[in-house]
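Engineer: Build me a model:
(chains A and B, ligands or ions: 3)
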Amino acid sequence: MPDGATPFVLDVKDLKTVFRTRGGEVHAVNDVSFTLKPGELLGVVGESGSGKSVTMMSLIRLLPMPPAEIRGGSVMFEGQDLAHVPEETMRAIRGARIGMVFQDPMTSLNPVFTVGFQIMEPLRKHMGLSKSKAANRAVELMELVGINDARRRLGDYPHQFSGGMRQRVMIAIALACDPKVLIADEPTTALDVTIQAQILELIKDLRQKLGMAIVWITHDLGVIAGIADRVMVMYGGQVVEQAPVRELFANPQHPYTRMLLETVPHIRGERSEKLRVIQGQPPMMGKAPDSCPFRVRCPHAFDRCAEQNPPRFDVGPSHDAACFWDFKTGAPRHV
Amino acid sequence: MLTYTIRRLILAIPTLLFISFIIFLIVKLSPSDPTAGLPLTIPPEVREQIRQSLGVNDPILIQYFKWLKLMLWDEPLHLLEGWTGLNVAPDGARIISYQTRSPVMELIMQRMPQTLWVVGTSYIVGILIALPLGIISAYKQYSIFDQVGTFVSMVGFSVPTFFTGVLFIVIFAVNLGWFPSVYNTTHVVTDWPSFVVQVKQIIMPVMVLGLYNASQISRYMRASMLDNLNQDYVRTARAKGLNEKVVVLVHVLRNSMIPVVTVIALNIPAVFGGAIITEQVFKVNGIGQLLIIAIQGGDVPVVQTVSFIFAVLIVLFNLLADVLYGVLDPRIRYD
Ligand SMILES: Nc1ncnc2c1ncn2[C@@H]1O[C@H](COP(=O)(O)OP(=O)(O)OP(=O)(O)O)[C@@H](O)[C@H]1O
Ligand code: SF4
Ligand SMILES: [Mg+2]
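Structural biologist: Ligands and ions are numbered 1, 2, ... in the order given. All right, here's what the predicted structure looks like:
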């Protein structure tokens, strides 16, 4: 792989995204850093508005600009900094090297074009395939994602597919050009529980077969536990904790993560229980934070939390948490 | 789709019969006298004989059925004969204009080309201006272009054509002397110079009507584009790495055109109606002028026939709009 020296497919450092709106600025992503190893599945959790989507959309520059503005940071991917490459280069990467699947399969496909056309589009654009070759590949892809009778269904329109099937089509589109990274933004949230489970199985299966790295955004810690290698917890546009999945569940080191885990329903797969049940208001994001964003809701908050925004401290092997409270000693950190 | 179209066509028959009856009644019951336009020296007995011979003293239903038969059977056959040269026209009576004593259908056929030229060109010009205007306005929402465009189309939409028409005449014909103020219908295009004359005389009526149509259609186009630009499928198209031209002109435009095409089809009869005024302003002797003169002269058969033709146009274009909707939107299945 011509990746240079880094062991990462994706290396995001200090990413900062701001929306300039009429009511002032919204600091949606504040110095977010994370990495992704080849073939790894990174789960991203956090309550609504914590900046999960905006972070991922920023790194492939899929946000409307304006109002969005990437104010800093770097996104290293295949030896290039995506935060600074020309739009032309970015377009060649989107849909080819990095695929995306979104939340709502009912609205994510264009209603007036056939499913075949929509799967073939990236194939023709990025791989320069002829129409018939692209059609053959589209059939392969549809079979790969578990759509029966693929050749015939090529000419069907999205409304002729069920929600789960449409999400499979979306996955086929995202995987069309054999991407290095797949970003899945709550791909199962809008689906029935049984369909959700099928899509999860499909992704696990495709990951085995194709070996791409995946960023999986979700509200559902149950899903994360079943599928992720590593988890990143976001709050107020920041990464508050990051750890391998078992470590995170067994040994959470940020008060917010702990509260999240307490709200996880005991019966796995029950998804009515959302992360919103934590008491208190999410933080205002009108300016870059100069104190801990979780302070108002945190049971451990103390004076330092109001004076400084905690950096990410190493709290274990490849485990960090952005908190001044040390759960191991039950006292403030001395750093 | 075909059965739907046929069903709609069959349904159109009672609708049109009903409309024809209403038109007939309204025009008939208006207090006008077919002999009013005749010289005052004609004595009342002669006038009464003339009325008798025109059949206006018959019971109203009899008059209606006579007229209807001529309108739906004899006159179309005469038209057919006129167009194809086949000898199919029946011999009997025709719908005769009180004023000119010639068959109404012939008058209409004489006037139709002028109206079609002016109305047709102005509608095409209107569409050609409106579509790019609406597309760019929506894509660059709130830009200077959009603000100016929206303002101008609002003005164009709210100022009546008889005002813009006169304004154009004052500016371009009277003050600048660029174009003639009166449309010369007898002008025949034989060579390049006479073509230039034709273009010069048609410009003003076409611009007046065209700008009015453009302001209306561009508002629809803009609104429809804006609706679609925020849809999820647009994000999907961008996530595939397609360039903006493809995203906007293929994905968004194809969806946005569905309601706009419908509106364009629905509006065609209304444009004929609007042409009545423009023809009056520029002295184009088309259908509109024929109608106005007939109304002023109490020429009942002409008013009835022209009104009925407008009614047929409205019903047909309504049908066309619905069929087009089904053709353009794969989600619509009428059968
Ligand atoms: N177009 C926009 N203009 C202004 N602010 C925005 C815009 N899009 C997102 N934001 C803000 O950015 C913040 C992060 O939003 P984001 O969509 O990333 O949250 P999320 O974690 O994905 O939430 P969810 O779980 O609901 O998807 C929110 O506070 C939101 O209000
Ligand atoms: S830094 Fe302070 S306020 Fe923030 S989470 Fe830790 S203890 Fe709570
Ligand atoms: Mg989101």
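
Engineer: gap between the closest residue to residue A:89 other than its chain neighbours and chain B?
Structural biologist: Among residues not flanking residue A:89 along the chain, residue A:80 sits closest, at 7.0 Å (CB to CB, 6 or more residues apart in numbering or on different chains). Bear in mind the C-beta positions are built from the backbone N, C-alpha and C, glycine included. Residue A:80 sits 15 Å away from chain B, going by CB to the nearest CB, to the nearest Å.

Engineer: For burial, what's the neighbour tally of residue 12?
Structural biologist: Here I'm looking at chain A. 24 (other CB atoms under 10 Å in any protein chain shown).

Engineer: could you do chain B instead?
Structural biologist: Residue B:12 has 16 neighbours, counted by other CB under 10 Å.

Engineer: likewise residue A:317?
Structural biologist: Using other CB under 10 Å, the number of residues around residue A:317 comes to 8.

Engineer: what's across from the residue nearest to residue A:89 in the sheet?
Structural biologist: Per DSSP bridges, the residues bridged to residue A:80 are residue A:77.

Engineer: quick one, what contacts residue A:169?
Structural biologist: A:105, A:109, A:115, A:118-119, A:142, A:145, A:147, A:158, A:161 (CB atoms under 8 Å, 6 or more residues apart in numbering or on different chains).

Engineer: make that residue A:76, sorry
Structural biologist: By CB under 8 Å, 6+ apart, the contact list for residue A:76 reads A:6, A:8, A:10-13, A:82.

Engineer: now residue A:28
Structural biologist: By CB under 8 Å, 6+ apart, the neighbours of residue A:28 are A:17-19, A:51, A:54, A:68, A:237, A:285.

Engineer: all helices of chain B, in order?
Structural biologist: Along chain B, the segments classed as helices by DSSP state H run B:2-29, B:44-54, B:60-69, B:75-84, B:104-139, B:144-158, B:161-168, B:192-229, B:232-239, B:244-246, B:253-282, B:287-296, B:300-328.

Engineer: Out of those helices, flag the one nearest ligand 2.
Structural biologist: Ligand 2 sits nearest to helix B:232-239 of all these, at 33.5 Å, using CB to the nearest ligand atom.

Engineer: right, is the closest one up against ligand 1?
Structural biologist: No - using CB under 6 Å from any ligand atom, we find that helix B:232-239 stays clear of ligand 1, coming within 11.8 Å at best.

Engineer: Which positions in stretch B:17-32 come out as buried?
Structural biologist: Using 16 or more other CB atoms under 10 Å in any protein chain shown as the test for burial, stretch B:17-32 gives B:19-20, B:23-24, B:27-28, B:32.

Engineer: Now do stretch A:301-321: distance from first to last residue.
Structural biologist: This stretch, stretch A:301-321, spans 15 Å end to end (CA to CA, to the nearest Å).

Engineer: mind listing what's buried in it?
Structural biologist: A:301, A:305, A:309-310, A:312-313, A:315, A:319-321.

Engineer: filter those by proximity to ligand 2?
Structural biologist: A:301, A:305, A:310.

Engineer: and the buried residues of stretch A:301-321, which two are the farthest apart?
Structural biologist: Greatest spacing in the buried residues of stretch A:301-321, by CB to CB: A:301 and A:319 (22.0 Å).

Engineer: hang on, the earlier thing: pull out the buried members of the contacts of residue A:76.
Structural biologist: For the contacts of residue A:76, a burial check counting by 16+ other CB under 10 Å picks out A:8, A:10-13, A:82.

Engineer: rewinding a little: turn the contacts of residue A:28 into a markdown table, columns for pLDDT, secondary structure and neighbour count.
Structural biologist: Shown next, in a markdown table, are the contacts of residue A:28 (pLDDT from 0 to 100; DSSP: H, G, I helix; E, B strand; the rest coil; neighbours: other CB atoms under 10 Å in any protein chain shown):
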| residue | pLDDT | secondary structure | neighbour count |
| --- | --- | --- | --- |
| A:17 | 91 | strand | 25 |
| A:18 | 89 | strand | 22 |
| A:19 | 89 | strand | 20 |
| A:51 | 89 | coil | 25 |
| A:54 | 92 | helix | 22 |
| A:68 | 86 | strand | 20 |
| A:237 | 89 | coil | 27 |
| A:285 | 72 | coil | 21 |
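
Engineer: Looking at those, which is nearest residue B:102?
Structural biologist: Residue B:102 lies nearest to residue A:68 out of these, by CB to CB, at 70.0 Å.

Engineer: quick one: the closest residue to that closest one other than its chain neighbours from residue B:188, how far?
Structural biologist: Leaving aside its chain neighbours, residue A:68 sits nearest to residue A:19 (5.5 Å; criterion: CB to CB, 6+ apart). Residue A:19 sits 64 Å away from residue B:188 when distances are taken as CB to CB, to the nearest Å.

Engineer: Assign a three-state SS to the residue lying closest to residue A:285 once chain neighbours are set aside, would you?
Structural biologist: Take residue A:285 and drop its neighbours on the chain: the residue closest to it by CB to CB, 6+ apart is residue A:27, 4.7 Å away. Per DSSP: H, G, I helix; E, B strand; the rest coil, the local secondary structure of residue A:27 is strand.

Engineer: can I get the helices of chain B in TSV with mean pLDDT and distance to residue A:96?
Structural biologist: Below are the helices of chain B laid out as TSV (pLDDT from 0 to 100; distance: least, CB to CB, whole Å):
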stretch	mean pLDDT	distance to residue A:96
helix B:2-29	85	42
helix B:44-54	77	79
helix B:60-69	84	67
helix B:75-84	80	58
helix B:104-139	88	25
helix B:144-158	89	33
helix B:161-168	85	52
helix B:192-229	88	24
helix B:232-239	93	11
helix B:244-246	90	15
helix B:253-282	86	23
helix B:287-296	86	58
helix B:300-328	86	31
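
Engineer: Can you tell me which of those is nearest to chain A?
Structural biologist: Among the helices of chain B, the nearest to chain A by CB to the nearest CB is helix B:232-239 (4.0 Å).

Engineer: what packs against that closest one?
Structural biologist: strand A:98-101, helix A:105-108, helix A:163-175 (3 or more CB pairs under 8 Å, 6 or more residues apart in numbering or on different chains; DSSP states H and E).

Engineer: contacting residues for the residue nearest to the spatial centre of chain B?
Structural biologist: With distances taken as CA atoms, centre = their mean, residue B:272 lies nearest the centre of chain B, 2.1 Å away. Neighbouring residues of residue B:272 by CB under 8 Å, 6+ apart: B:115, B:119, B:287-288, B:310, B:313.

Engineer: Please repeat the previous calculation with a cut-off of 6 Å.
Structural biologist: By CB atoms under 6 Å, 6 or more residues apart in numbering or on different chains, the contact set of residue B:272 is residue B:119.

Engineer: can you check residue A:12 too?
Structural biologist: Contacts here follow CB under 6 Å, 6+ apart; on that basis residue A:12 touches A:33-34, A:59, A:75.

Engineer: doesn't it fall inside a strand?
Structural biologist: Yes - the assignment for residue A:12 (three-state DSSP) places it in a strand.

Engineer: Who is it paired with across the strands?
Structural biologist: residue A:34, residue A:75.

Engineer: Roughly how far does it sit from residue A:242?
Structural biologist: Distance, residue A:12 to residue A:242, using CB to CB: 12 Å.

Engineer: same check, this time on residue A:258
Structural biologist: Following CB to CB, the distance that separates residue A:258 from residue A:242 is 15 Å.

Engineer: which residue does the stretch 51-200 of chain B bring closest to ligand 2?
Structural biologist: residue B:142 (39.5 Å).

Engineer: Pull the number of nearby residues for that residue.
Structural biologist: As a burial measure, residue B:142 scores 9 neighbours (other CB under 10 Å).

Engineer: Noted, bye for now.
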